[in-house]
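Engineer: Just to be clear, the model below is a prediction. Sequence and coordinates:
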Amino acid sequence: IISYKFMEKYPDHGAYLNQNSYSRQERSQVKANIASIEETIQNYMEEENYNRSMKYYKKKYNSIPFWFIVNFVSFGKLVNFYETMDYELREDIADQFQLFVEENLGSKIDEYLTPSHLQSFLQNAREIRNLTAHDNLLLDHKFTEIEFFNSLHARYNLQEKEERRKLFSSFIAIQALLPRKHFDDLQVQIKASIYKLRDNIDKPAFDKIMKSIGFDKWV
């Protein structure tokens with residue numbers, strides 16, 4: 001979604017390497033993002049499995065299409081990329097992600113998923129990814145607080161004044177990032193793991209673990 005919406009607004013070849021395609025308020029981060037993408041292109045230009053495709057696009061268009069290069073950009077860097085886009089484009093992208101919310105809720109909603117909401121959800125997903133990729137502890141971990149989005153949080157009887165820094169809040173927010181089929185599959189897997197854990201440890205320990213990740217509100 002991010003790459004296609006970007007290319008829709010900036011159709012010129014190599015626009016993602018042009019500082020003028022981004023927010024003027026984030027110049028230092030924009031420069032860092034562009035440098036990172038240039039490095040990614042250079043690395044994969046020499047990679048055995050992809051160099052033919054890279055060289056083909058380079059020869060034909062004198063640049064690599066962003067929809068292609070985005071496959072090799074890390075999730076964290078893609079989040080950085082979104083954060084430095086101009087507001088209008090971030091808003092257009094957020095509108096597309098709202099369709100995931102409505103699909104997961106099973107109905108249209110009056111509330112709008114704003115760029116601020118989406119940025120908060122993406123930053124949280126990046127934090128989880130980094131935490132788990134390095135085998136760090138999720139129990140009692142305090143994530144950066146997720147922005148309140150009533151349409152999702154009300155479904156779980158959560159109020160705006162309540163803290164949203166545990167793993168359960170991430171589980172709620174991911175409905176804005178996944179189509180319903182994938183989210184439903186995720187729910188089934190998580191519930192199966194929770195029930196398996198419940199059957200294999202005593203109740204006080206189980207309750208303590210569920211509370212430490214916020215899932216005591218769900219199970």
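Structural biologist: Thanks, I have the structure now. Residues are numbered from 1 along each chain as shown.
Engineer: where exactly do the helices run in this protein?
Structural biologist: With DSSP state H, the ranges of helices along the chain come out as 2-9, 27-45, 51-61, 66-69, 75-83, 87-105, 115-133, 150-153, 167-173, 180-200, 203-213.
Engineer: which of the ones you listed sits most buried?
Structural biologist: Among the helices of the chain, judged by mean count of other CB atoms under 10 Å, the one packed with the most neighbours on average is helix 167-173 (a mean of 21). For glycine as for every other residue, the C-beta is placed from the backbone atoms N, C-alpha and C.
Engineer: Which strands or helices does that helix pack on?
Structural biologist: Under the contact criterion of 3 or more CB pairs under 8 Å, 6 or more residues apart in numbering; DSSP states H and E, helix 167-173 touches helix 115-133, helix 150-153.
Engineer: can you give me how far that helix is from the chain middle?
Structural biologist: What separates the centre of helix 167-173 from the centre of its chain is 12 Å, taken as CA atoms, centre = their mean, to the nearest Å.
Engineer: Equivalent analysis for stretch 183-196, please.
Structural biologist: From the chain centre to the centre of stretch 183-196 is a distance of 20 Å (CA atoms, centre = their mean).
Engineer: okay, the angle between the worst-scoring helix or strand of the chain on mean pLDDT and helix 27-45?
Structural biologist: Every helix and strand in the chain was compared by mean pLDDT, DSSP states H and E; the lowest is helix 51-61, with a mean of 89. Inter-element angle recorded for helix 51-61 and helix 27-45: 120 degrees (by axes from the mean of the first three to the mean of the last three CA atoms, to 10 degrees).
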